[in-house]
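J.: here's a sequence, model it:
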Amino acid sequence: MKPTRRMFQALLGLTALGVPASIWPVLQAPWQVLGGALLLAAGADALLARRRPALRAERSMAGVLPVGAWHDVRLTLRNEGKTALQLDVFDDYPPAWELEGMPHATRLAPGAFSTLTYRVRPQERGDGAFGTPWLRVAGPLGLWQATHRIGPQQTTKVFPDVARLLGQALRATDRQAPTAGSLVKRQRGEGTDFRQLREYRRGDSLRSIDWKATARHRKPISREYQLERDQQVVFLLDTGRRMLARDGDTSHFDHALYAVLTLAFVAGKQGDAVGLMSFGVDNRWLAPAKGRIGLDRMLAGVYDLQPGEAAPDYMRAANDLLNRLNRRAFVVLVTNVRDEDDVALRHAVDLLSSRHLVMCASLRERALDEASTAPVQGFDDALRLAASEHYLQQRQEAIRRLGLRSGHLVDVAPEQLAGALLNRYLDIKESGAL
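T.: Below is the predicted model of the structure:
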């Protein structure tokens, strides 16, 4: 219960009338009667305000929201009673989200309804829980407000921003100009799957000329190839404690997840099946699937995936993946390589490489690169530079001990991971290594 402004005004007026009543005794009896009437009115209003009002609340919002964007939420209130209601409304939204447009005050006539619109912005992926709305309802006399909870509880799913993923994929696969750190790649004509015969064009390789067709048609004829299709791309994603690191507002894990989903989108467009297995804190398995089904299944399977404090077990993850994959696949291991992991990670990579083509992607902390290039202006800066250089050397040595060829290893800053993975994937596709 909460007294309203009208209650304070009534008390202030009663107090003001008490001054002349204290001077002229003839006014004391009316003043006391007035005080008693106010007390009775306040008590009756409090009892009536505590009664559950004849209200119905409905919330309207999308069932799936992209993270980081503003979204409208509509709350419709219907007065099903016979008296007008003065309301203060505050919806129970997820506490970690940003909010605009609440609380909201409104007055509902009997039988009327009102739709209130406010905006929220999710700050992280996962499930967002909306509780029952809070309604502060004034009594009939407007002296007290009582708080009631009326309406539905809802849960909405917060997915990665698919529009951002598509933008990254389109930029990275643009064949006209290199953008976003991606290189221009040949899409057609230099793959290993035969597509068709066509007339020779200036710039075609002499190796592409079909001499029998040339003799038959009496003009140069080239063989046209395309990238191989119907292959498997499986991501092995670390959810251990090292993926909790942050460069700015985004964690290394979120950078890795966006890179994985971007490559999954491109691989699906190339006709490959995409799948994922996470290891570390949260162990999930999403079997490879082709086309839109594969990408949708991956989005639904990882939208709430989060890293934790556990250490990754590379050998267990490698064995689990080998038991699940029956045919050769392109395995992309995404983690953060440290020198203490070199033995376990090397054994896991060797085990996977016995049956699959493996690429290891490691996220390098941007702070290390910044420390190694910062100007030295004092003793503390010199110590920081020496420590960062020593750490980077240990890291490079650990990566070297993995034994992977340079084309099958990516060690970049988190924001560069998506472009680097796409370029390596397209290189491998065009080389026919799969």
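J.: could you give the number of residues near the nearest residue to Leu236 once chain neighbours are set aside?
T.: Of all residues not flanking Leu236 in the chain, Leu333 sits nearest, at 4.5 Å (Cβ to Cβ, 6 or more residues apart in numbering). To be clear about C-beta, it is placed using only N, CA and C from the backbone, and glycine gets the same treatment. Around Leu333 there are 26 other residues, counting by other Cβ atoms under 10 Å.
J.: so Leu333 bridges to which residues?
T.: Leu236, Cys360 (DSSP bridges).
J.: likewise Trp144?
T.: Counting by DSSP bridges, Trp144 forms beta bridges with Pro3.
J.: which residues touch it?
T.: By Cβ atoms under 8 Å, 6 or more residues apart in numbering, the residues touching Trp144 are Met1, Lys2, Pro3, Thr4, Met7, Ala42, Asp45, Ala46, Ala49, Ala138.
J.: the fourth one: how many residues sit nearby?
T.: What that stands for is Thr4. For Thr4, using other Cβ under 10 Å, the count is 19.
J.: now do the same for it: its pLDDT.
T.: On pLDDT, Thr4 comes in at 78.
J.: wait, doesn't it sit right on Ala146?
T.: No. Contact criterion Cβ atoms under 8 Å: Thr4 and Ala146 do not qualify, at 10.8 Å.
J.: sorry, back to before: what about the residue nearest to Leu236, distance to Ala420?
T.: Leu333 is 14 Å from Ala420, where distance means Cβ to Cβ, to the nearest Å.
J.: common neighbours of those two, please.
T.: Shared contacts of Leu333 and Ala420, defined by Cβ under 8 Å, 6+ apart, comprise Ala361.
J.: just to revisit the earlier point, which among the contacts of Trp144 count as buried?
T.: By neighbour count, with 16 or more other Cβ atoms under 10 Å, those hold Thr4, Met7, Ala42, Asp45, Ala46, Ala49, Ala138 as buried.
J.: show me which pair in these is furthest apart.
T.: Spanning the widest gap among the buried ones among the contacts of Trp144 are Ala42 and Ala138, at 12.7 Å by Cβ to Cβ.
J.: quick check: which element contains Thr115?
T.: Thr115 is part of strand 113-121 when elements are defined by DSSP states H and E.
J.: next: Gln32.
T.: helix 28-50.
J.: give the buried residues for that helix.
T.: Buried residues in helix 28-50, counted by 16+ other Cβ under 10 Å: Trp31, Leu34, Gly35, Leu38, Ala41, Ala42, Asp45, Ala46, Leu48, Ala49.
J.: low-confidence stretches in the protein?
T.: 164-195, 203, 225-230, 339-342, 366-374, 381, 388-392, 394-407, 431-434 (pLDDT under 70).
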